[in-house]
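> Quick one: sequence plus predicted model below, questions after.
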Amino acid sequence: MISKSMNGANMRSPKIISENGQIQQNKASEQKHFVLSTNMDKIFLSLDQIQRPEQAMRRIHDALLPYASPVEVRSNRHVLKVPGEQNCIWLVSSGNLSYFRRYDDLKIAISPAPVVAGLATLFSPFDRHVYRASRGAKVASLSLPLAHSVINDLNLWKDVSEVLGYVVQMMCYRDEHLVSKDSYNIIRAKLVEYLNKKDLNELDQTGIAAYILSTTHLSRSLVYNYLSSLTEGGYIKIDKGKLIEIVKLPEHY
């Protein structure tokens with residue numbers, strides 16, 4: 001049985017579940033040395049290749065905010081809703097916004113303020129996602145017709161296209177890393193993603209195991225097996241359940 005403590009002191013030798021369902025013993029030793037190569041980063045899209053359109057996001061946010069109505073954030077578990085509105089534009093001025101798939105509540109993204117969410121619904125109704133804001137976040141909303149009118153009057157469609165282009169790139173990133181037969185590729189992407197976003201308030205309170213479990217459908221035992229193996233192999237450093245450093249990551253595991 002695998003301990004849920006990430007300190008590694010009371011763990012047995014880690015086991016990795018391979019894709020054919022067999023269990024293999026993994027040891028980062030002279031007999032099996034894992035070398036990090038650049039092939040993985042050449043094949044898969046990396047977060048470093050995606051630039052968030054900060055200025056475009058800020059211009060849209062600032063233009064819409066005077067017309068928006070404040071929304072109370074009860075807790076970070078509360079799904080943002082506006083009575084009588086199926087779709088609307090959400091503005092987050094402080095804190096961060098998490099995106100979840102509606103049908104299974106899987107977390108698919110988290111963004112720091114300023115955030116303008118729901119822009120795709122300006123063109124076509126889309127209710128596949130729900131949103132949750134971090135505790136203490138400043139959130140406002142406005143109707144689609146009003147948002148459309150303001151954006152049209154201020155000629156902000158180029159900024160809208162930049163933001164939606166960024167969304168498409170992030171969806172490509174998720175597709176390449178998570179729609180995969182290789183569970184290690186998913187773990188690897190989530191480790192990099194977690195460390196890249198560790199400055200967000202929500203992630204500061206979330207351990208790496210919990211983060212991976214909330215953003216993938218990987219089993220608990222598989223996630224803990226990989227984390228303990230990578231920790232004992234010296235590839236990553238975890239303190240009190242939180243990932244603090246990626247030393248190096250092997251291409252295959």
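Received, thanks. Numbers count the residues shown, from 1 in each chain.
> so where is the protein shaky, pLDDT-wise?
Within the chain, the stretches with pLDDT under 70 are 1-44, 180-181, 200-204.
> ranges for the strands of it?
Secondary structure of the chain (DSSP state E): strands located at 15-17, 23-25, 69-71, 89-94, 96-101, 107-112, 115-117, 129-133, 138-142, 236-239, 242-246.
> okay, now Leu144: neighbour count?
Neighbour count of Leu144, defined by other C-beta atoms under 10 Å: 18. For the C-beta atoms, the positions are set from N, CA and C on the backbone; glycine is no exception.
> quick revisit: of the strands of the chain, which approaches Val168 most closely?
strand 107-112 (12.7 Å; C-beta to C-beta).
> got the CA positions of that closest one in CSV?
Output of strand 107-112 as CSV, limited to C-alpha atoms (Å, rounded to 0.1, in the frame of the first residue of the first chain):
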residue,chain,number,x,y,z
LYS,A,107,-10.5,21.2,-13.8
ILE,A,108,-9.0,22.1,-17.2
ALA,A,109,-7.3,25.4,-16.6
ILE,A,110,-6.6,28.2,-14.2
SER,A,111,-5.9,31.8,-15.1
PRO,A,112,-4.7,34.8,-13.0
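> With respect to Tyr173, which of the strands of the chain lies nearest?
Among the strands of the chain, strand 107-112 comes nearest to Tyr173, with 9.7 Å by C-beta to C-beta.
> what comes up buried for the closest one?
Going by neighbour count (16 or more other C-beta atoms under 10 Å), the buried part of strand 107-112 is 107, 109-112.
> Packing partners of it?
strand 96-101, helix 157-178, helix 208-215 (3 or more C-beta pairs under 8 Å, 6 or more residues apart in numbering; DSSP states H and E).
> and the longest one, how far from the chain's centre?
With C-alpha atoms, centre = their mean, to the nearest Å as the basis, the distance from the averaged C-alpha position of helix 157-178 to the chain average is 13 Å.
> Touching that helix from outside, list them.
Under the contact criterion C-beta atoms under 8 Å, 6 or more residues apart in numbering, helix 157-178 has outside partners 44-47, 50-53, 56-57, 59-60, 108-109, 116, 119-120, 122, 151, 185-186, 188-189, 216.
> For beta bridges, what are the partners of the spatially most central residue of the chain?
Of all residues in the chain, the one closest to the mean position by C-alpha atoms, centre = their mean is Ala109, 3.5 Å from it. Beta bridges link Ala109 to Tyr99, judged by DSSP bridges.
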